[in-house]
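Trainee: Compute the structure for the input listed below.
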Amino acid sequence: MAKMSRREVLGWLGGAALGGVLAGVGVASAGDGPAARPGAPDLKDEPGTSVWTPHRLDAGKCQPVAYAGYWHKGYGCCYGSFHAIIGTMGEQYGAPYSHFPFHMMEVGKSGISEWGTICGALLGAASAMALFWGRKERDPMVTELFRWYERTAFPIYDPGAAAQGAVGPLPTHVPGAVLCHISVSGWCQASGISAGDVRRSERCARVTADVTAKAIEIINAKIDGTFAPVLKSQAEAACASCHGEGRVSPILKGRMDCTPCHDGGRAVADKFHDHP
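Mentor: As a prediction, this is how the structure comes out:
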């Protein structure tokens, strides 16, 4: 066998590495049909394919994972709910679930980077659903989860001795909205506990576990073919009668309960003039 020079060896290794990369991204051979254009999505990785197949989970076993995930490195609610669902699938079924860059879900903390918009626990759960179902199938699932959140007295979950912020029962409050700002501020006002208190953080960690359990209930029902949305919004229907598409003032966009921000109550009164 002829000896190869150092230059030839490096050239061969480079060619082999390039060949491996091309094989990894699925470059088509003559018998595979036309290759995908650069930048085109790999359809094998889209929702509903064999790559992203949903699996039933035990909500009771995932709740402690969601709760602990909230506290993990301070990543918060979005990471906690998403990791409890997809991370648990990763532990049970391996790739591709175990290969997800979970740390990116930290962005949802405190209503997305402290902006107080959507509750991060809801964002994490909805994102988990989006890995498996496209918009048409997923929207009713997300709506059912969000409607449930609007009208549920939180927190429900109690970690017992595993509590990391505060031990024992906490005050409960119905958020009335899916926004972090309203959910947290309403609870703080009703309980008399400040937003910076560790008990508030404990509340949100427990809510993360609550949302995770409900999301898994919905996911399991979807897998079993028994999912049927039942929750409706009377406020949305009433407002849409004037502000929906084709109405006298067609400005309504969204599905949130309109009441928390538009009932004219003390909390939403004009605070920019003669504020006490």
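
Trainee: For the stretch 151-276 of the chain, which segments count as helices?
Mentor: Assigned helices in the stretch 151-276 of the chain, in chain order: 180-191, 198-224, 234-243, 259-262 (criterion: DSSP state H, counting those that start in this stretch).

Trainee: Lowest average pLDDT across these?
Mentor: Ranked by mean pLDDT, the helices of the stretch 151-276 of the chain bottom out at helix 234-243, with a mean of 73.

Trainee: quick revisit: just name the most buried of the helices of the stretch 151-276 of the chain.
Mentor: Scoring the helices of the stretch 151-276 of the chain by mean neighbour count under mean count of other Cβ atoms under 10 Å gives helix 198-224 as the most buried, with a mean of 22. All C-beta spots, glycine's among them, are computed from the backbone N, C-alpha and C.

Trainee: I'd like the distance from it to the chain centre, please.
Mentor: 10 Å (Cα atoms, centre = their mean, to the nearest Å).

Trainee: please begin residue numbering at 42 from this point
Mentor: Noted, 42 is the first residue going forward, which turns the last one into helix 239-265.

Trainee: Tell me which other helices or strands it touches.
Mentor: Applying 3 or more Cβ pairs under 8 Å, 6 or more residues apart in numbering; DSSP states H and E, one finds that helix 239-265 contacts helix 100-112, helix 118-123, helix 161-171, helix 176-191, helix 221-232.

Trainee: Model confidence score at the residue most central in space within the chain, please.
Mentor: The centre of the chain sits closest to residue 165, judged by Cα atoms, centre = their mean, with a distance of 1.6 Å. According to the per-residue confidence, residue 165 scores 98 in pLDDT.

Trainee: got a list of what it touches?
Mentor: 118, 119, 120, 121, 122, 123, 124, 126, 146, 149, 249, 252 (Cβ atoms under 8 Å, 6 or more residues apart in numbering).

Trainee: how about the helices of the stretch 192-317 of the chain in a markdown table, adding distance to residue 178?
Mentor: Formatted as a markdown table, these follow (distance: least, Cβ to Cβ, whole Å):
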| stretch | distance to residue 178 |
| --- | --- |
| helix 221-232 | 26 |
| helix 239-265 | 8 |
| helix 275-284 | 21 |
| helix 300-303 | 29 |
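
Trainee: wait, which of those is closest to residue 96?
Mentor: Taking Cβ to Cβ as the measure, these were each checked against residue 96, and helix 239-265 came out nearest at 7.6 Å.

Trainee: what's the angle from that closest one to helix 176-191?
Mentor: 140 degrees (axes from the mean of the first three to the mean of the last three Cα atoms, to 10 degrees).

Trainee: Surely residue 202 and residue 209 touch.
Mentor: No - Residue 202 is not in contact with residue 209 according to Cβ atoms under 8 Å; the separation is 10.4 Å.

Trainee: lowest confidence element among the helices and strands of this structure?
Mentor: helix 47-65 (a mean of 41; mean pLDDT, DSSP states H and E).

Trainee: quick one on the thing from earlier: same list, the contacts of residue 165, but as TSV with distance to residue 283 please.
Mentor: As requested, the contacts of residue 165 are arranged in TSV below (distance: Cβ to Cβ, whole Å):
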residue	distance to residue 283
118	35
119	34
120	40
121	39
122	35
123	37
124	42
126	39
146	38
149	33
249	37
252	32
